[in-house]
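>>> any chance you can model this:
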Amino acid sequence: MEITFNSTTARIPSLPVIKSDARDRSPCSLSIVLRNQFVQLSSSPTRFRINKISLFKVLSAQNNNVQVVEGSGVDEIYDALVNRILYLPSVSLSPNYKFFVGLAGPPGSGKSTIAYEVARRINKLWPEKASSFDSKVQPSEVAAVIPMDGFHLYRSELDAMKNPEEAHARRGAPWTFNPTRLLTCLKNLRLRGSVSVPSFDHGVGDPVEDDIFVNLQHKIIIVEGNYLLLEDGVWKDISSLFDEKWFIDIDIDKAMQRVLKRHISTGKPRDIAKQRIENNDRLNAELIMKCKKNADIIIKSVDF
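Sure thing, here's the model as predicted:
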């Protein structure tokens with residue numbers, strides 16, 4: 001694994017230990033420091049080979065720093081994401097503050113899997129961390145997931161559109177969701193501390209109202225969905241609410257193979273599933289991949 005720097009100074013959060021290979025003889029000095037401090041670099045692009053225990057690659061693009069999380073296996077990626085969130089000062093020290101993570105990526109990238117597993121691991125580790133605050137208080141789960149799928153338009157709403165046949169065929173495109181409702185939900189959660197949100201029943205094909213309850217005890221909210229980092233209209237307002245923006249980077253062909261298996265598993269004939277991918281899922285994925293530039297963290301997809 002390698003780490004490449006292209007700017008003189010990069011601001012980074014707390015990172016795993018990074019060690020340069022003794023064989024790399026570069027005049028550039030490198031120091032890894034805590035969050036809100038700096039890494040000092042020379043002005044010339046320099047490449048460092050790092051120990052495999054380090055999972056972050058820091059890349060600079062103009063004035064915006066993008067961190068790329070990658071590892072030899074999915075457990076390494078989970079550990080890196082969990083450790084990043086769990087020890088943030090805003091999570092540890094602010095009892096009423098909710099930390100919003102927006103997790104985006106194309107269909108088949110593994111958004112739901114990563115979101116729920118990161119939340120599960122955070123909740124598992126939280127009691128040990130919380131005991132350092134007050135050993136007499138029994139800690140509760142602190143991480144929750146809100147899936148964007150719950151904000152699909154109902155089939156009846158698609159039926160009422162000007163071209164209902166196209167609306168159903170393109171279900172999953174940005175205009176077949178209700179982003180205004182999602183924005184209101186997240187604002188209410190930030191303001192009131194609790195909210196009920198819908199899930200999505202893939203068997204029925206419609207949202208399930210009030211199926212998920214995010215309450216006062218939840219401090220870390222992972223919102224996962226395709227279009228959370230779009231720059232258009234209400235989607236841009238949603239994106240602005242996130243404390244961190246994560247994006248799962250995956251080869252589109254690989255993602256579409258996963259989506260094909262998903263379609264077939266729900267009973268679609270293979271030829272129908274392939275048509276849906278080419279006429280809808282791939283189009284959506286290509287749009288979503290353009291949002292990668294808006295992320296704070298790029299998660300390199302691995303096989304689960």
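>>> for the longest helix belonging to the chain, packing partners?
For the chain, the longest helix by residue count, based on DSSP state H, is helix 111-130. Helices and strands touching helix 111-130, by 3 or more C-beta pairs under 8 Å, 6 or more residues apart in numbering; DSSP states H and E, are helix 74-86, strand 99-104, strand 143-147, strand 220-224. The C-beta positions use only the backbone N, C-alpha and C, and glycine is treated the same way.
>>> show me what contacts residue 106?
226, 248, 250, 252, 255, 284-285, 288-289 (C-beta atoms under 8 Å, 6 or more residues apart in numbering).
>>> gap between the two ends of stretch 126-140?
End-to-end distance of stretch 126-140 (C-alpha to C-alpha, to the nearest Å): 8 Å.
>>> meant to ask about stretch 153-163, not that
With C-alpha to C-alpha as the measure, the ends of stretch 153-163 fall 15 Å from one another.
>>> tell me the buried residues in it?
By neighbour count on 16 or more other C-beta atoms under 10 Å, the buried set for stretch 153-163 is 153, 158.
>>> how's the chain carved up into domains?
What automatic domain parsing lists as the domains of the chain is 1-69, 73-260+269-300.
>>> mean pLDDT added to those, as TSV?
Shown next, in TSV, are the domains of the chain (pLDDT from 0 to 100):
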stretch	mean pLDDT
domain 1-69	37
domain 73-260+269-300	92
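>>> out of those domains, deepest packed?
Across those, averaging neighbours per residue (mean count of other C-beta atoms under 10 Å) puts domain 73-260+269-300 on top, at a mean of 17.
>>> now that domain, how far from the centre of its chain.
Centre-to-centre, domain 73-260+269-300 and its host chain are 7 Å apart (C-alpha atoms, centre = their mean, to the nearest Å).
>>> can you check stretch 67-83 too?
Centroid separation for stretch 67-83 versus its chain: 12 Å, with C-alpha atoms, centre = their mean.
>>> end-to-end on it?
In stretch 67-83, first residue to last residue: 14 Å (C-alpha to C-alpha).
>>> any chance of the helices and strands packed on helix 111-130 in JSON lines, plus distance to residue 213?
Formatted as JSON lines, the helices and strands packed on helix 111-130 follow (distance: least, C-beta to C-beta, whole Å):
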{"stretch": "helix 74-86", "distance to residue 213": "21"}
{"stretch": "strand 99-104", "distance to residue 213": "17"}
{"stretch": "strand 143-147", "distance to residue 213": "9"}
{"stretch": "strand 220-224", "distance to residue 213": "12"}
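>>> which residues are contacting stretch 121-129?
78-79, 82, 85-86, 92, 139, 141-143, 220.
>>> so which of those residues would you say is closest to residue 301?
Among these, residue 78 lies closest to residue 301 (C-beta to C-beta), at 12.8 Å.
>>> wait, the closest one sits on residue 117?
Yes. If you go by C-beta atoms under 8 Å, residue 78 and residue 117 touch, sitting 5.8 Å apart.
>>> how near is the residue lying closest to residue 141 once chain neighbours are set aside to residue 86?
Leaving aside its sequence neighbours, residue 141 sits nearest to residue 123 (C-beta to C-beta, 6 or more residues apart in numbering; 4.3 Å). As judged by C-beta to C-beta, to the nearest Å, residue 123 and residue 86 stand 10 Å apart.
>>> I am finished for the moment; much appreciated.
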